[in-house]
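Visitor: quick one, what's the 3D model for this:
(one chain, ligands or ions: 1)
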Amino acid sequence: MNEKHIKHISKFLSLILRHAPETIGITLDENGWTDVDTLLAQMNLKGEAINREILNVVVDTNNKKRFAFNEDGSKIRASQGHSVDIDPGYVPQQPPELLYHGTALKHKDSILEKGILKQNRTHVHLSATTDTAHNVGSRHGKPYIFEVKAGEMHRNGYNFFISENGVWLTDEVPAEFLVK
Ligand code: HQG
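Guide: Next comes the predicted model:
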């Protein structure tokens with residue numbers, strides 16, 4: 001299995017486990033989990049040749065650890081990034097004083113006006129480092145990084161979660177909590 005194939009399967013899994021499970025006729029439970037055997041069977045049915053060994057390699061080698069198995073390995077889910085309405089069940093955490101949000105320069109003015117909104121996803125995604133935020137922002141165009149006063153938000157009652165793969169999640173970031 002070459003890297004290109006691994007990446008292809010990873011992207012396909014992101015589509016299925018975050019956004020459109022119905023594409024291959026599967027469902028996610030309320031916490032985003034789906035049965036591994038059913039997933040593999042339905043992927044094969046739709047022409048995506050895969051078996052458990054290949055799935056394990058894709059999960060293990062994924063650069064952002066996007067997918068996780070449950071304890072006994074019978075279920076799989078995406079750790080963050082969903083647009084499908086699931087509750088990952090993460091426990092609220094105390095965030096660091098500052099977190100970062102990488103976006104495109106073209107969104108800067110709108111964000112300064114309306115704050116950071118979750119758009120199509122279940123949460124706003126924040127990064128612990130400017131490097132990561134830079135990579136996230138570069139996906140959308142010329143990157144721009146906002147500093148978010150996460151500690152202050154937390155003290156004002158906003159919940160923060162950290163996904164299994166280290167992405168900070170919250171519902172929204174009102175503009176007043178952006179560092180000017
Ligand atoms: C922007 C990737 C205008 C927001 C990444 C972002 C992340 C606004 C875009 C994860 C806005 C939504 C999520 C406002 C927010 N006005 N634009 N008021 N509020 N936006 O892709 O955070 O590689 O849904 O800044 O690494 O870019 O897929 O969110 O530019 O962790 O695993 O609206 O996806 O992970 O874009 O990325 P997205 P995101 P993966």
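Visitor: contacts, neighbours, all on C-alpha from now
Guide: Noted.
Visitor: near the ligand, which residues of this structure are found?
Guide: Residues of the chain lying near the ligand by Cα under 6 Å from any ligand atom: 66, 81, 103-104, 107, 110-111, 114-121, 125, 136, 140.
Visitor: which among the residues you listed end up buried?
Guide: Among these, those scoring as buried are R66, G81, T103, A104, I111, G115, I116, L117, K118, R121, H125, V136 (criterion: 16 or more other Cα atoms under 10 Å).
Visitor: give me the contacts around stretch 140-150.
Guide: Applying Cα atoms under 8 Å, 6 or more residues apart in numbering, the contact partners of stretch 140-150 are 95-106, 108, 130, 133-134, 137, 173, 177-179.
Visitor: ok now it, how far from the chain's centre?
Guide: 17 Å (Cα atoms, centre = their mean, to the nearest Å).
Visitor: correct me if wrong: T103 contacts T132.
Guide: No - with contact defined as Cα atoms under 8 Å, T103 does not count as touching T132 (11.1 Å).
Visitor: can you give me the helices in this protein?
Guide: 3-14, 36-45, 52-61, 108-114, 130-138, 150-155 (DSSP state H).
Visitor: off-centre distance for the fourth one?
Guide: Going back to what we said before, that points to helix 108-114. 22 Å.
Visitor: average pLDDT for that helix?
Guide: Average pLDDT, helix 108-114: 98.
Visitor: kindly report the same for the shortest one.
Guide: pLDDT averaged over helix 150-155 equals 98, rounded to a whole number.
Visitor: residues of it that come out buried?
Guide: A150, G151, M153, H154.
Visitor: same deal with stretch 24-35?
Guide: I26, T27, L28, G32, W33, T34, D35.
Visitor: touching stretch 19-29 from outside, list them.
Guide: So stretch 19-29 is contacted by 15-17, 34, 38-39, 42-43, 46, 82-84, 86 (Cα under 8 Å, 6+ apart).
Visitor: closest to the ligand among the buried residues of stretch 24-35?
Guide: G32 (15.1 Å; Cα to the nearest ligand atom).
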